[in-house]
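*Asks:* sharing a model prediction with you, sequence too.
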There are 2 protein chains.
Amino acid sequence: MSPSDMTVSQLGEFGLIDALTEVLGTSELGPDSVVLVGPGDDAAVVQMSDSRMVISTDAMVENVHFKRAWSSGIDVGVRVAAANLSDIVAMGAHPTALVVALGVPSDLPVEWALDVARGMKKEADRLNVVVVGGDVVASPIISVTVTAIGAPRERIITRAGAQVGDVVAVAGRLGWAAAGLAVATRGFSSPRVLVDAHRQPVIDYDLIQSAFDHAHALCDVSDGLVADASHMAKASQVQINITTEALAIADPLRDMGLALTENPMNWILTGGDDHAFLGAFDQANVPTGWTVVGQVVAGSGVTVDGSAFIGPAGHTHFAQ
Amino acid sequence: MSPSDMTVSQLGEFGLIDALTEVLGTSELGPDSVVLVGPGDDAAVVQMSDSRMVISTDAMVENVHFKRAWSSGIDVGVRVAAANLSDIVAMGAHPTALVVALGVPSDLPVEWALDVARGMKKEADRLNVVVVGGDVVASPIISVTVTAIGAPRERIITRAGAQVGDVVAVAGRLGWAAAGLAVATRGFSSPRVLVDAHRQPVIDYDLIQSAFDHAHALCDVSDGLVADASHMAKASQVQINITTEALAIADPLRDMGLALTENPMNWILTGGDDHAFLGAFDQANVPTGWTVVGQVVAGSGVTVDGSAFIGPAGHTHFAQ
């Protein structure tokens, strides 16, 4: 029986770790690698390009963040890696390495766990990032916790730098993953383009890095545009006014809004799982590919078209 | 109603994050701190003392690694922090910072989650380590995943350095946590000293650091002495011969072995949760406080009193 046909309990803990390590391709580390010690020891050792380091952690839990009926292991691996990598680049930093803690049920097909590793590797490869270590534990439900580290550029870009007179601009898709989740929740598997957006975010890392030189403040839109703009406004002690006219409603969102009798602008304003980016810039220095969606003024909080936003600003866990 | 009387869903995600951040004491970071950006942004930024960094991650899952009936939130926080910190020091490195991903059920009392943070802080404070960030997610069972980073000394101490002619020595307790788990599993809450050993490891970090100058190889005993000696033997391409005569059986272990008709030496040889340390040293350079328990010879694998060890060498998840 090949590992692909086994369950986790049939293969065993150390067999699974070996198989995951092989998928991640970190078992043979060359002398030029930034990884000085890879998986298999007490800890991994990484050569950084800076003595400062950026670190972020994100967890995804089965039936909370994903369902096996809708998402493959590859989808989950891509998503959890992307969620972490986007946090690192949102600090104006370059990601270096990931570690992963994988909780798996005993009866999980090994192939599903290996697909998580394949998905992580697929996303990490886009930025030449290596998975350097991890932990595998038994769990009644699948959980994947990834921690990403990175090296900052000279200037660290936090949420706290937005200045009165700046514009705010976004890069990347907004609302697609939320629309896809709405589709999947209703039991539909099409339009595929929306369900796929829920399954795996599509992040244009070049677009983010093009903003590093000019952004006064930068953040990952993981909680929703209004929610994350609120975080930026609070950290920067300014007010951010968003104009929905600047937020184009793509055809699939418009069509699905009509089909589900939902206002697609709500997905755009509150959906976070696309991992778009929100930046504050001098009006003259908005990078190519970014869309200006609002203004930074004196005050506090966020307005949408001049008013306080009605409704939940973004997804929150534990909402009653 | 104070947060202490609330459930997680009553307090909400951001309220819980604020309360946890307050417990962890990282909300006000001074200019002298090694933490350049603390919790609340996309990622944390840490000033390291070296451009190399050591990273390790460990997860603990309710009903797999702990039960709420036996362990408090503080116990779990101490354990998960200790498991990570011990991995960092086992590389001959000094821990710098922790991040945590906390999965919590909606109906969990907030106080329990805050106790996890208190336990983490308690253990981290022993080494002046700071919790710099994290993620809180909904989960049907409690899961705590901690990632630790640290700065290596000039020489990184892996498992791969044991040399023929070395002795192997241990520092710290062996078998206590395993005996405590055996007691708790049978529904007993005494002897307290053993149950407490399961609840929280007691790590003498000074003893580990005293070995940094001399250890040829070093590892955390997290899988069990025989299992971890096997890992060291394999990585070092040597054979390690353990002598049980050198492993004193403490009175509580002897008494409990008699009471449960178990051989207490099995707990000592296979229990991992005490986070003792195993090192290979020149015979003349064994640090004070370490106990020589075996020899490094040419060959492969591990012997115990001259024979292959009978039985499982340590705990493995997913065992059938």
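*Replies:* Good, I have the coordinates. Computed from a predicted structure; not experimentally measured.
*Asks:* low-confidence ranges in the stretch 151-300 of chain A?
*Replies:* The stretch 151-300 of chain A contains no residues with pLDDT under 70.
*Asks:* so which residues on it come close to chain B?
*Replies:* Counting by Cβ under 8 Å from any Cβ of the partner chain, the residues of the stretch 151-300 of chain A lying close to chain B are A:152, A:156, A:158, A:159, A:160, A:218, A:219, A:220, A:231, A:235. Where C-beta positions appear, they are placed from N, C-alpha and C, glycine not excepted.
*Asks:* can you flag the buried ones in these?
*Replies:* A:152, A:156, A:158, A:159, A:160, A:218, A:219, A:220, A:231, A:235 (16 or more other Cβ atoms under 10 Å in any protein chain shown).
*Asks:* just checking, the first one touches residue A:92?
*Replies:* Translated: residue A:152. Yes: using Cβ atoms under 8 Å as the test, residue A:152 is close enough to residue A:92 to be in contact (6.5 Å).
*Asks:* if we can go back for a sec, widest-spaced pair of the buried ones among the residues of the stretch 151-300 of chain A next to chain B?
*Replies:* A:152 and A:231 (19.6 Å; Cβ to Cβ).
*Asks:* got the domain boundaries for chain A?
*Replies:* A:3-152, A:159-304 (automatic domain parsing).
*Asks:* could you dump those into CSV with distance to residue B:122 added?
*Replies:* Output for those, formatted as CSV (distance: least, Cβ to Cβ, whole Å):
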stretch, distance to residue B:122
domain A:3-152, 20
domain A:159-304, 30
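*Asks:* stretch A:40-57 near chain B at all?
*Replies:* Yes: shown here: stretch A:40-57 in contact with chain B (Cβ under 8 Å from any Cβ) through A:40-57.
*Asks:* nearest to residue B:241, out of the domains of chain A?
*Replies:* Of all those, domain A:3-152 comes closest under Cβ to Cβ, at 22.3 Å.
*Asks:* so which strand or helix has residue A:101?
*Replies:* strand A:93-104 (DSSP states H and E).
*Asks:* for the stretch 1-150 of chain A, which spans come out with low pLDDT?
*Replies:* A:1, A:27-32.
*Asks:* let me see the ranges of the helices in it.
*Replies:* A:8-11, A:13-24, A:73-89, A:110-125 (DSSP state H, counting those that start in this stretch).
*Asks:* as CSV, those helices with mean neighbour count and distance to residue A:208 would be great.
*Replies:* What follows is the helices of the stretch 1-150 of chain A, written out as CSV (neighbours: other Cβ atoms under 10 Å in any protein chain shown; distance: least, Cβ to Cβ, whole Å):
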stretch, mean neighbour count, distance to residue A:208
helix A:8-11, 20, 36
helix A:13-24, 19, 24
helix A:73-89, 27, 5
helix A:110-125, 22, 14
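*Asks:* need those helices in JSON lines (columns: distance to chain B).
*Replies:* Shown next, in JSON lines, are the helices of the stretch 1-150 of chain A (distance: least, Cβ to the nearest Cβ, whole Å):
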{"stretch": "helix A:8-11", "distance to chain B": "4"}
{"stretch": "helix A:13-24", "distance to chain B": "4"}
{"stretch": "helix A:73-89", "distance to chain B": "4"}
{"stretch": "helix A:110-125", "distance to chain B": "11"}
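*Asks:* relative to residue B:146, which of these is closest?
*Replies:* Comparing these under Cβ to Cβ, the one sitting nearest is helix A:73-89, at 15.4 Å.
*Asks:* got a list of what residue A:197 touches?
*Replies:* By Cβ atoms under 8 Å, 6 or more residues apart in numbering or on different chains, the contact list for residue A:197 reads A:173, A:176, A:177, A:179, A:180, A:274.
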